[in-house]
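Peer 1: return a 3D structure for these sequence lines:
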Amino acid sequence: MQKLRRFRSTLMIALLALIFGVVAVQPLFAATNTFSNTTSITIPNSGAANPYPSTISVSGITDTVIDVNVTLSGLTHTFPDDLDILLVGPGGQSVLLMSDAGGSSNISGVNLTFDNDCIFCALPNYSAIASGTYRPTNHGGGDTFPAPAPASPYGNSLNGFNGIDPNGTWSLYIVDDLGGDSGSLSGGWSLTITTGVAPTITSADYIIVPPGSSGALHTLTASGDPSTFLWFCTPPSLTYWYIGCFPALGGSNILGSLPSQPALTEGIYSIGVQARNGVQPHANQNFTLYVGNVPAFTSDDNATFIEGTSGSFNVITTGSPTITYSLSGAPSWLSIDSGTGVLSGTPDPGTGAIGSFTFNIIADNFLPGETTQSFTLYVHNAPTITSVNTVSVQATTALSHTFTATGNPAPTLSYVTGTLPAGVSLVG
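Peer 2: Predicted coordinates:
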């Protein structure tokens with residue numbers, strides 16, 4: 001009955017794995033390195049093996065562990081159920097590879113590979129163990145290992161090594177936990193370590209397309225090792241936008257709209273993007289499709305106002321949807337209508353409002369960024385003659401009179417009307 005319950009549990013796990021996709025899939029083209037210690041290990045009829053532990057030194061790996069497999073070569077024992085075998089990583093991480101498996105059936109020279117991806121491959125509890133691939137298996141409990149092995153509890157999955165720095169000393173501890181039988185590991189053991197770098201999406205997180213367009217495309221890119229990615233996307237709110245990275249559409253890295261579908265309308269549309277290369281964590285990006293036209297200025301970049309007089313200037317732009325306007329660095333007496341773009345103000349006399357003022361006009365809609373124009377406003381004032389309007393002189397006396405005026409820009413004086421006396425002339 002116990003075996004039947006175990007079978008039912010295993011079957012249920014298998015069905016859940018098929019339904020929910022929990023079966024692990026190793027990445028393609030990941031970097032894999034194998035390290036070995038071929039020194040034979042002697043297993044006594046009771047107690048710790050010799051050597052204890054057997055070690056493998058790993059160096060030169062720069063990436064992160066994404067998978068570890070262990071191979072025991074030439075395992076012989078007259079009562080395998082006595083064997084407890086523990087693997088300890090360089091950072092103290094541990095997994096109990098096998099314990100209380102194989103019953104009393106003698107084994108000779110079997111080769112065992114422990115691979116966590118072999119989900120339904122437990123070592124047998126009572127029947128003979130054959131060469132093959134298995135997941136770590138413990139049919140008992142309460143296992144302990146003498147020092148220098150770490151104290152329990154011990155891990156039950158090789159996934160416990162995922163994400164670690166693999167460089168350093170790996171240790172294999174073998175114990176026969178009951179007297180009367182012995183064995184050996186004639187070919188030693190080996191580690192197969194697969195490493196990689198989790199993906200990072202490197203392409204822009206938005207695209208801007210004009211209203212009415214169709215066939216717009218955006219290429220998704222990512223970095224990581226391995227560099228082959230599967231792409232997954234959540235549907236956008238536009239039913240006629242297809243997502244090339246839907247698994248049903250081949251898992252490609254293209255976002256786009258079909259030219260045969262209705263043209264895009266103004267708005268903001270969100271798409272969830274995920275890149276996978278078999279290394280956790282997956283890379284996620286909140287991608288935004290903006291449909292609109294970026295503002296562009298078409299009016300002049302300068303205007304002239306008169307001191308003491310209300311002035312205005314119409315700022316003109318193209319773009320959609322509705323554009324709002326603002327100023328940056330403008331004088332306090334100047335403002336712009338945020339909706340119409342009319343620039344207006346009255347340069348007050350005597351407040352330093354005469355001259356030129358350079359500032360920014362900002363045009364913005366919901367699209368990323370904003371469009372800025374450097375604008376120069378010139379403030380003039382009307383000319384005023386400041387010299388006296390009457391001069392007296394005696395006959396036969398030399399006359400000299402200077403006319404002066406103020407204004408911005410500097411005024412030019414000219415003789416307009418009237419008759420000068422004989423012998424008098426206007427110079428300059």
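
Peer 1: give me the below-cutoff pLDDT ranges for the stretch 151-300 of the chain.
Peer 2: Confidence mapping of the stretch 151-300 of the chain against pLDDT under 70 gives the ranges 214-216, 235-252, 256-263.

Peer 1: which parts of it are helices?
Peer 2: Taking DSSP state H, counting those that start in this stretch to define them, one finds no helices in the stretch 151-300 of the chain.

Peer 1: tell me where it has strands.
Peer 2: 168-176, 183-185, 189-201, 206-209, 217-219, 222-225, 230-233, 241-243, 254-257, 267-276, 283-291, 293-297 (DSSP state E, counting those that start in this stretch).

Peer 1: as a markdown table, the ones you listed with mean neighbour count would be great.
Peer 2: In short, each C-beta sits where N, CA and C put it, glycine included. Output for these, formatted as a markdown table (neighbours: other Cβ atoms under 10 Å):
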| stretch | mean neighbour count |
| --- | --- |
| strand 168-176 | 21 |
| strand 183-185 | 22 |
| strand 189-201 | 21 |
| strand 206-209 | 18 |
| strand 217-219 | 14 |
| strand 222-225 | 20 |
| strand 230-233 | 20 |
| strand 241-243 | 19 |
| strand 254-257 | 20 |
| strand 267-276 | 18 |
| strand 283-291 | 18 |
| strand 293-297 | 18 |
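
Peer 1: export these to TSV and tack on distance to N111?
Peer 2: Converted to TSV, those look like this (distance: least, Cβ to Cβ, whole Å):
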stretch	distance to N111
strand 168-176	15
strand 183-185	10
strand 189-201	10
strand 206-209	54
strand 217-219	47
strand 222-225	30
strand 230-233	33
strand 241-243	46
strand 254-257	46
strand 267-276	33
strand 283-291	38
strand 293-297	65
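
Peer 1: looking at those strands, spot the one closest to P53.
Peer 2: strand 168-176 (3.8 Å; Cβ to Cβ).

Peer 1: just the angle for the closest one relative to strand 189-201, thanks.
Peer 2: Per axes from the mean of the first three to the mean of the last three Cα atoms, to 10 degrees, the angle that strand 168-176 makes with strand 189-201 is 140 degrees.

Peer 1: helices or strands up against strand 168-176?
Peer 2: The helices and strands touching strand 168-176, judged by 3 or more Cβ pairs under 8 Å, 6 or more residues apart in numbering; DSSP states H and E, are strand 41-43, strand 47-48, strand 54-58, strand 83-88.

Peer 1: tell me which of those strands is the most buried.
Peer 2: Highest mean neighbour count among the helices and strands packed on strand 168-176 (mean count of other Cβ atoms under 10 Å): strand 83-88, with a mean of 24.

Peer 1: show me what it is packed against.
Peer 2: Counting contacts by 3+ Cβ pairs under 8 Å, 6+ apart, strand 83-88 packs against strand 64-77, strand 94-99, strand 168-176.

Peer 1: I'd like these laid out as a markdown table, including distance to T396.
Peer 2: Compiled in a markdown table, the helices and strands packed on strand 83-88 are given as follows (distance: least, Cβ to Cβ, whole Å):
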| stretch | distance to T396 |
| --- | --- |
| strand 64-77 | 109 |
| strand 94-99 | 125 |
| strand 168-176 | 117 |
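
Peer 1: G292 is nearest to which of those?
Peer 2: strand 64-77 (41.8 Å).

Peer 1: partners of the closest one, with directions?
Peer 2: Neighbouring strands of strand 64-77 in its sheet, by DSSP bridges, are strand 107-114 (antiparallel), strand 183-185 (antiparallel), strand 189-201 (antiparallel).

Peer 1: what's the angle between it and strand 54-58?
Peer 2: Interaxial angle, strand 64-77 versus strand 54-58 (the same axes, to 10 degrees): 160 degrees.

Peer 1: got the buried residues for strand 64-77?
Peer 2: In terms of neighbour count (16 or more other Cβ atoms under 10 Å), strand 64-77 has its buried residues at 64-77.

Peer 1: for that strand, list the C-alpha coordinates in PDB.
Peer 2: Taking C-alpha atoms only, strand 64-77 is exported to PDB below (Å, rounded to 0.1, in the frame of the first residue of the first chain):
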ATOM      1  CA  THR A  64      26.800  31.800 -12.000                       C
ATOM      2  CA  VAL A  65      25.800  28.200 -11.600                       C
ATOM      3  CA  ILE A  66      22.500  27.200 -13.200                       C
ATOM      4  CA  ASP A  67      22.800  23.400 -13.000                       C
ATOM      5  CA  VAL A  68      25.000  20.800 -11.300                       C
ATOM      6  CA  ASN A  69      25.100  17.100 -12.100                       C
ATOM      7  CA  VAL A  70      27.200  14.500 -10.200                       C
ATOM      8  CA  THR A  71      28.500  11.200 -11.500                       C
ATOM      9  CA  LEU A  72      29.700   8.300  -9.400                       C
ATOM     10  CA  SER A  73      31.800   5.900 -11.400                       C
ATOM     11  CA  GLY A  74      32.200   2.200 -10.600                       C
ATOM     12  CA  LEU A  75      30.100   2.000  -7.400                       C
ATOM     13  CA  THR A  76      30.200  -1.400  -5.800                       C
ATOM     14  CA  HIS A  77      28.600  -2.500  -2.500                       C
END
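
Peer 1: so it versus strand 83-88, what angle?
Peer 2: 160 degrees.

Peer 1: average pLDDT for strand 64-77?
Peer 2: The average of the pLDDT scores along strand 64-77 is 95.

Peer 1: nothing else from me, thank you.
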